[in-house]
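Undergrad: Kindly generate the corresponding structure for this input.
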Amino acid sequence: MTVTRGWERGRAVAHPPPGIGDNGGVSLYRDEGVVLRTRKLGEADRIVTLLTRRTGLVRAVGKGVRRTKSRFGARLEPFTHVDLQLYTGRTLDVITQADTLHAYGTPIVADYARYTAGTAMLETAEKIVIVEKDPALRQFLLLIGGLRTLGGNEHDPRLVLDAYLLRSLAVAGYAPALDECARCGSHGIQRSFAVHAGGAVCSVCRPAGSASPAPDTLRLMVALLRGDWAGADASEERHRTECSGLVAAYLQWHLENGIRSLRLVERS
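TA: The predicted model follows:
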């Protein structure tokens, strides 16, 4: 998945507080990020959670963005890739400028399957980058690529979501064993899958409670992890469903809190 900047650009600037500037004692910085989540603050403000290229996970205040005439707020909606200027506050940073790089939400929110898959991707991105201010460039690039692919309607939304989840886990150091036994290392597609054991396991190492997916399901997971879209697109519906269940279970095993959005994806 690669990063591409879109053709839609917008610009909005919020007035900085008194004293800001070269000698104002306030730390200004620029970054680009994807809006993951927003929530109300006071009467007109909003707290915006972003995954940024250089800073990592950032929670910042967008002042006045909920006002009817605010053009600033339109840049700070989930799925939006934005270029930002912020200043460091005491508890939360404050957004002073927002420049739209790509509004991925426009095509995504128009389709229920893509919207629920995209929502699960945003929630996962926030929870897998667990330390605020910890740079997470690879996770940022992965999310940008996933949203671009999802918005382009190039593949089944569930396949895009599962590919993103598997690669995000791999970047975080939790890649499941798929074409070798997670315990003994024997190569080849195995007959069982144990979430708590680290992925696929052979018949000798198989712990109690292991699942027994079809070999083609594990091959689909390998294809998604490696970016083999030709193989993934050729998969059967039953193997996609089984794959989604295994990926969801494996993801939530490694995260302290479950991904609530996945329940909506499963219902679809």
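Undergrad: What segments of the stretch 51-200 of the chain are strands?
TA: Using DSSP state E, counting those that start in this stretch, the strands found in the stretch 51-200 of the chain span residues 57-62, 80-87, 93-103, 192-194, 199-201.
Undergrad: helices and strands around the second one, which ones?
TA: The reference is to strand 80-87. strand 28-41, strand 45-52, strand 57-62, strand 93-103 (3 or more Cβ pairs under 8 Å, 6 or more residues apart in numbering; DSSP states H and E). In short, each C-beta sits where N, CA and C put it, glycine included.
Undergrad: Serialize those strands to a markdown table and add fields for distance to residue 255.
TA: A markdown table is the format used below for these (distance: least, Cβ to Cβ, whole Å):
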| stretch | distance to residue 255 |
| --- | --- |
| strand 28-41 | 15 |
| strand 45-52 | 15 |
| strand 57-62 | 14 |
| strand 93-103 | 25 |
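Undergrad: Count the residues that sit near the closest residue to residue 238 other than its chain neighbours.
TA: Leaving aside its chain neighbours, residue 238 sits nearest to residue 214 (7.7 Å; criterion: Cβ to Cβ, 6 or more residues apart in numbering). By the other Cβ atoms under 10 Å criterion, the neighbourhood of residue 214 contains 15 residues.
Undergrad: try residue 255
TA: Residues near residue 255, counting by other Cβ under 10 Å, number 16.
Undergrad: Grab the nearest non-local neighbour of it.
TA: residue 127 (5.4 Å).
Undergrad: any idea how far the one you found is from residue 185?
TA: Using Cβ to Cβ, to the nearest Å, one gets 30 Å for the distance from residue 127 to residue 185.
Undergrad: Compare the two (neighbour count), which wins?
TA: residue 127 (17 against 10).
Undergrad: so how far does stretch 182-190 reach from one end to the other?
TA: Taking Cα to Cα, to the nearest Å, stretch 182-190 runs 10 Å from one end to the other.
Undergrad: Please point out which parts of that stretch sit buried.
TA: By neighbour count on 16 or more other Cβ atoms under 10 Å, the buried set for stretch 182-190 is 182, 183, 189, 190.
Undergrad: Can you tell me what sits against that stretch?
TA: 176, 178-181, 194, 197-205, 215, 218-219 (Cβ atoms under 8 Å, 6 or more residues apart in numbering).
Undergrad: Helices - which of those residues land there?
TA: Residues of those located in helices (DSSP state H): 215, 218, 219.
Undergrad: Just the buried ones from these, in ChimeraX syntax?
TA: With 16+ other Cβ under 10 Å as the burial test, the buried ones among the ones in helices among the contacts of stretch 182-190 are selected in ChimeraX as follows:
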select :218,219
